[in-house]
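[1] sequence and predicted model, in that order:
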Amino acid sequence: MSEGKRTKITLAEVAERAGVGTATVDRVLNDRGNVSEDVSKRVLQAARELGIRRLLPQTHRKMIRIDVILARPELPLIARMGFEFRRLAASIDRSIVIHRTILEDERPETIAKALSRTTCDAVVSYMPDHPLVHEAVDGLFAKNVPVVTVISDIRGSSRIGYAGTDHYKAGRSAGYFLTRMSRAAGPVIILCNHLGFQSHADRVRGIKDFLDNSSEAWDIAEIVEGLDDRDKSELGLRAAFRKYPGAVAIYNVGAANIAVANAIRANLLAARPVFVGHELTQNTAAFLREGLMSIAIDQSPERQVWKAVNLILRHFSYGDGKSPLPLETEVPTVLYGPENIPEPLPF
């Protein structure tokens, strides 16, 4: 019978070509498991060469367990990041298992302990730049457990990649917008968690460099470290407002946007300031619509999640180096104002 008229290839023919038994061929073609990667590859290659006209399973893959370690789930960005990881976990191959470890605080010793205790094959985490954290990441690397950082990086460590945005550029962007949206040049108040996080330190450095190069009299009057705590941040801002009632702009580097809104509404400043902050959330969307917040610089959590998992899959040569997820070369920031807020918010 000619090749063109042939309608069916038997399991025996595939088994003979691959040099295995028919039961093995059946397990591979029907994706039943319990077959080594090398044998699976031989069977699938033989099936393709013989021209089997059916959807063949992908090459056998070892299960990869990824431990996503996130602290302070009450913060909107962390909650959104967790949501994006859950959404991704429901859509990718079942051989990729995403575990979640939730921590109540982000102290270096807490993060380092969680890193050292993981039993997964890889880790994705948001962590402060601290010697204890570096030591824990280096320890995992020595055991071939790759670590990818999201949101904030720890440069100089053994992490295999950073799946986040360029925070220095974000800080410069904040400077650009607030200088163009303010009524006049004047004092600027900055609120951050604390400068031990690379993301916050880089944003502050970015806006400072931008303002220093301005031809007008812009000045960072005070940096309030509120630890992303609403009450502590609001009290710190109120004190700064009383000290600098002529402040014309507020840049919130971190998560405590409600604290900024409350402090502005206390009317301690001579006029309502420009308010530039980060992340699109239910609260910041409301502040933008109200006109209280001028612009929100969002760091695309969903793309950070994609890139983080991508980096891990490529580390393990998952799928012969072909990732099932889109490759991100740089995670972009997205600017939101009152006119481009998605409706409804997807989170």
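    Perfect, thanks for sending it.
[2] could you use CA atoms for every contact and neighbour count after this?
    Noted.
[3] who are the contact partners of the residue positioned nearest the centre of the chain?
    Residue closest to the mean C-alpha point of the chain, counted by Cα atoms, centre = their mean, is residue 304 at 3.3 Å. By Cα atoms under 8 Å, 6 or more residues apart in numbering, the residues touching residue 304 are 150, 151, 163, 164, 331.
[4] what segments of the stretch 101-250 of the chain are strands?
    122-125, 147-150, 161-163, 187-192, 219-225, 249-252 (DSSP state E, counting those that start in this stretch).
[5] for residue 70, see how far away residue 308 is.
    Distance of residue 308 to residue 70, given as Cα to Cα, to the nearest Å: 14 Å.
[6] quick one: mean pLDDT over stretch 149-160.
    Across stretch 149-160, the average pLDDT comes to 95.
[7] hmm, who's touching it?
    124-130, 134, 137-138, 141, 146-148, 161-165, 197-199, 299, 304-305, 308, 311.
[8] which positions in the helix or strand of the chain with the lowest mean pLDDT come out as buried?
    Every helix and strand in the chain was compared by mean pLDDT, DSSP states H and E; the lowest is helix 37-50, with a mean of 83. Neighbour counts over helix 37-50 (16 or more other Cα atoms under 10 Å) mark 39, 40, 41, 42, 43, 44, 45, 46, 47, 50 as buried.
[9] okay, the third one and residue 331: tell me how far apart.
    Meaning residue 41. According to Cα to Cα, residue 41 and residue 331 sit 34 Å apart.
[10] quick one: the residue nearest to the centre of the chain is in a strand?
    No. Residue 304: not assigned to a strand; according to DSSP: H, G, I helix; E, B strand; the rest coil it is helix.
[11] what number of residues lie near residue 105?
    13 (other Cα atoms under 10 Å).
[12] next, the contact list for residue 264, please.
    By Cα under 8 Å, 6+ apart, the contact list for residue 264 reads 272, 273.
[13] what's it sitting at in phi/psi?
    When read as degrees, to the nearest 10, the backbone of residue 264 gives phi -60, psi -40.
[14] just for the stretch 1-150 of the chain, where's the confidence low?
    1-7, 33, 53-61 (pLDDT under 70).
[15] what of the stretch 201-347 of the chain?
    Scanning the stretch 201-347 of the chain for pLDDT under 70 picks out 319-329.
[16] returning to that earlier point: and the contacts of residue 304 as CSV, adding neighbour count?
    As requested, the contacts of residue 304 are exported to CSV (neighbours: other Cα atoms under 10 Å):
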residue, neighbour count
150, 24
151, 25
163, 28
164, 26
331, 20
